[in-house]
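**Student:** no sequence for this one, just the structure:
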């Protein structure tokens, strides 16, 4: 496998890539501070993928036991609140990687704001008085951007669903979640997307995950392969199941809000996702 690669993009953002991990990093501040921040992020990224691969069997397990790496430990911590429902630490891998690189990025101080975008799962950092606006999936009746301010309890944004990079037990086209960390948002987005469902519906095609990806952490569990056009009542029912679950996570303090999308319809929870946002910096 080719080692970790880093490159400065023409617009000043940093691109870090190693195997399936592909990060876009942006830091705001004096040029010399940004250069130092990029160097720290690059150094932290080195060796991250091999460390995760070394613990992959445990990370794909529902009961992984003790884990050695900091990113692996963060993954396990992020999914813990969702048990006894089935979930493995892999549900939080993209967010946990983004969190770790973002922490290194800002460790030296002097920046005003920063973010690490790992394929749409975003860890962000803000200095006092700062805001950051991110583009999210858009459907009628739902926002296409969300503005996060320093005082908001959100430093992570993640999206999951049937159209994403991973297999899904549910039928949501996408679920975007705001949470205190990207790992927490990643895990919650996975679980809420699973909850957007119509069990037993004849229009939903499912197959065992292991038939699609032989090493999937979902094993023989049935994952969604196709969804026929649904009636408005079916769409509302499926989204309602997911939104109810999302509100229960908000009540527990696990997330700050969620936007759920299915076949042109949407349901939104949380005040940050319900406020109008003027066009500003959009890191995704």
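**Tutor:** Thanks, I have the structure now. What you see is a predicted model, and the numbers here were worked out from it, not measured in a lab.
**Student:** who are the neighbours in contact with the residue most central in space within the chain?
**Tutor:** By CA atoms, centre = their mean, the chain has its centre lying nearest to residue 158, at 2.5 Å. Residues near residue 158 by CB atoms under 8 Å, 6 or more residues apart in numbering: 94-95, 120-122, 176-177, 179, 182, 185-186, 188-189. All C-beta spots, glycine's among them, are computed from the backbone N, C-alpha and C.
**Student:** which stretches of the stretch 101-250 of the chain form strands?
**Tutor:** 113-118, 121-126, 131-135, 145-149, 156-160, 174-179, 204-208, 222-227 (DSSP state E, counting those that start in this stretch).
**Student:** The first one pairs with which strands?
**Tutor:** Meaning strand 113-118. Note on strand 113-118: by DSSP bridges, its sheet partners are strand 21-28 (antiparallel), strand 121-126 (antiparallel).
**Student:** okay, the angle between the last one and strand 156-160?
**Tutor:** Yep, that's strand 121-126 we're talking about. Here strand 121-126 points in a direction 170 degrees away from that of strand 156-160 (axes from the mean of the first three to the mean of the last three CA atoms, to 10 degrees).
**Student:** what do you get for the first one?
**Tutor:** Angle of strand 21-28 versus strand 156-160, following the same axes, to 10 degrees, is 150 degrees.
**Student:** can I get the strands of the stretch 101-250 of the chain in JSON lines with mean pLDDT and distance to residue 262?
**Tutor:** Listed next are these as JSON lines, based on pLDDT from 0 to 100; distance: least, CB to CB, whole Å:
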{"stretch": "strand 113-118", "mean pLDDT": "98", "distance to residue 262": "24"}
{"stretch": "strand 121-126", "mean pLDDT": "98", "distance to residue 262": "20"}
{"stretch": "strand 131-135", "mean pLDDT": "92", "distance to residue 262": "20"}
{"stretch": "strand 145-149", "mean pLDDT": "92", "distance to residue 262": "19"}
{"stretch": "strand 156-160", "mean pLDDT": "96", "distance to residue 262": "13"}
{"stretch": "strand 174-179", "mean pLDDT": "96", "distance to residue 262": "9"}
{"stretch": "strand 204-208", "mean pLDDT": "96", "distance to residue 262": "12"}
{"stretch": "strand 222-227", "mean pLDDT": "95", "distance to residue 262": "8"}
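**Student:** and the helix or strand where residue 267 lies, what's its mean pLDDT?
**Tutor:** Per DSSP states H and E, residue 267 falls inside strand 265-269. Mean pLDDT, strand 265-269: 92.
**Student:** which strands and helices sit next to it?
**Tutor:** helix 232-251, strand 257-262 (3 or more CB pairs under 8 Å, 6 or more residues apart in numbering; DSSP states H and E).
**Student:** what's the offset of that strand from the middle of its chain?
**Tutor:** Strand 265-269 has its C-alpha centroid displaced from the chain centroid by 18 Å (CA atoms, centre = their mean, to the nearest Å).
**Student:** before we move on, back to that, point out the most buried one among the strands paired with strand 113-118.
**Tutor:** Ranked by mean neighbour count, those are led by strand 121-126 with a mean of 26 (mean count of other CB atoms under 10 Å).
**Student:** so how far is that one from its chain's centroid?
**Tutor:** 10 Å.
**Student:** Could you check what's spatially nearest to residue 227, not counting adjacent residues?
**Tutor:** residue 171 (5.0 Å; CB to CB, 6 or more residues apart in numbering).
**Student:** tally of neighbours for the one you found?
**Tutor:** 27 (other CB atoms under 10 Å).
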